[in-house]
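**Q** starting from these lines, generate the structure:
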Amino acid sequence: MTLSTQAEVADSNRLADLAKLRPKQRVSEIDTAKGIGIALVVFGHMVARDLKPANNDWWLTWHDHLYTFHMAFFFFLSGYVFFREAPDVWGARLKKSAAKLLPAYALFALIVYAAKAIAIRALHVDRPVRGPVAELLQMVLYPTEGFAQFLWFIVTLLMIYGVMVATRAWVLRFYKTSLAIALGFHLLSVAGYVTDLFALQQLARYSLFFLIAAACHRQVDTWRSMIGRYSILCVALFVAVLSFLPISWLSTIAGLLSIPALVALAVWSERWLGMRDLLQYLGRNTLTIYLMNSLAMGLVRAIVLRYWGWDGWHFFAVAPLLLFSGLFVPVAAQRLLFSRWNWTDRITR
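**A** All right, here's what the predicted structure looks like:
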């Protein structure tokens, strides 16, 4: 056995041992980071795909830049939680997650379809629906292009879980090689060389960030030291990259830099009680907000567009309303409606 192979085996054993020894209580800064992540997701959903606020080019630029990194950060957080588990229970985690997320996927696809079919008669609807057979086929074959496009995250996350379970022995023993392969697929995806059939382009694009989370667990002391000592540098470099690099580079570079930068912001936020509590509240309700924020904002947006509009200075008044509805209306809906039945309560929180 070569020295490099011995190192890989030692790393894999370390990861397994850390997962077994690590207590399973919630990690404060990760809940805070999840709050930051879901707030960014809601920001990204504020503007409709087929109707933009006129005379607000700054927002369109911000939106395009946001989409280069915010989902990368979200997949990193998903990986961070996943790799806290011992490798021998990854399969059980996949089954548990699928039992929760697949019914949620089906339920909210149905709700979105019905809501759009009804609302189109009186309000503006982003991506109007067609016949149910055509839409079902579209959702199955091309989840990122369907009428409930936001649900693609569920498909991709479960596929990544499946890949981790199927290649567990390889990932544990040859982690660095696995990371290099994931980087290669990521670069192919952002360059447009991976099909969007079954959301495979998203699987190829985001597996890298999911796997990076394992490195943070393997080198947990180094990771925490870096965040503590170089947090200002991480944030400054992230902002500089977003500001000056061509957008075609950002899916990789900004995606990678968003991890230490946004975790550093989460750590800073821990120092302010009000901000910490708010972000952790959002972090604990991530799934609820994710499932329903597009519906909540879609309704508010449609009413605003019908009676007032959001062009020009109007957008500065509409944007906070959309953000508030996207973050807090889903939680209210879950508590008041979906929590009434055990099975809907289970799959929406």
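**Q** what strand or helix carries the closest residue to residue 122 other than its chain neighbours?
**A** Leaving out its chain neighbours, the residue that sits closest to residue 122 by C-beta to C-beta, 6 or more residues apart in numbering is residue 306, at 7.9 Å. Just so you know, the C-beta spots here come from the backbone N, C-alpha and C atoms, and that holds for glycine as well. According to DSSP states H and E, residue 306 maps onto helix 286-307.
**Q** how many neighbouring residues does residue 306 have?
**A** Counted with other C-beta atoms under 10 Å, the burial measure for residue 306 works out to 11 neighbours.
**Q** per-residue pLDDT, it?
**A** Per-residue confidence at residue 306 stands at 90 (pLDDT).
**Q** my guess is residue 310 meets residue 318, correct?
**A** Yes. Residue 310 is in contact with residue 318 according to C-beta atoms under 8 Å; the separation is 4.4 Å.
**Q** comparing these two, which shows the higher neighbour count?
**A** Taking other C-beta under 10 Å, residue 310 and residue 318 do not tie; residue 310 has more neighbours (24 against 20).
**Q** show me what contacts that one?
**A** Residues in contact with residue 310 (C-beta atoms under 8 Å, 6 or more residues apart in numbering) are 53, 301, 304, 318.
**Q** element containing the nearest residue to the third one once chain neighbours are set aside?
**A** Spelled out, it's residue 304. Spatially, and ignoring its direct neighbours in sequence, residue 304 is nearest to residue 318 (5.4 Å; C-beta to C-beta, 6+ apart). Element membership for residue 318 (DSSP H and E) is helix 314-336.
**Q** so what's the gap between that helix and the chain middle?
**A** If you compare the mean C-alpha spot of helix 314-336 with that of the full chain, they lie 19 Å apart, counting by C-alpha atoms, centre = their mean, to the nearest Å.
**Q** same thing with stretch 63-74?
**A** Averaged C-alpha coordinates place stretch 63-74 at 9 Å from its chain's average position (C-alpha atoms, centre = their mean).
**Q** and that stretch, what's buried?
**A** Of all the residues in stretch 63-74, those buried under the rule 16 or more other C-beta atoms under 10 Å are 63, 65-66, 68-74.
**Q** got it, and stretch 336-343?
**A** Of the residues in stretch 336-343, those buried under the neighbour-count criterion (16+ other C-beta under 10 Å) are residue 338.
**Q** give me the distance between the two termini of that stretch.
**A** The first residue of stretch 336-343 is 15 Å away from its last residue (C-alpha to C-alpha, to the nearest Å).
**Q** list the contacts of that stretch.
**A** Taking C-beta under 8 Å, 6+ apart as the criterion, the residues outside stretch 336-343 that touch it are 103, 344-345, 348-349.
**Q** closest to residue 44 among those residues?
**A** Using C-beta to C-beta, the shortest approach to residue 44 within the contacts of stretch 336-343 belongs to residue 348, at 20.8 Å.
**Q** thought that closest one was touching residue 291?
**A** Yes. With contact taken as C-beta under 8 Å, residue 348 and residue 291 are classed as touching, separated by 6.0 Å.
**Q** list residues touching both of the two?
**A** Residues touching both residue 348 and residue 291 (C-beta under 8 Å, 6+ apart) are residue 104.
**Q** ranking helices and strands of the protein by mean pLDDT, which lands last?
**A** When each helix and strand of the chain is scored by mean pLDDT, DSSP states H and E, helix 3-21 comes last, with a mean of 52.
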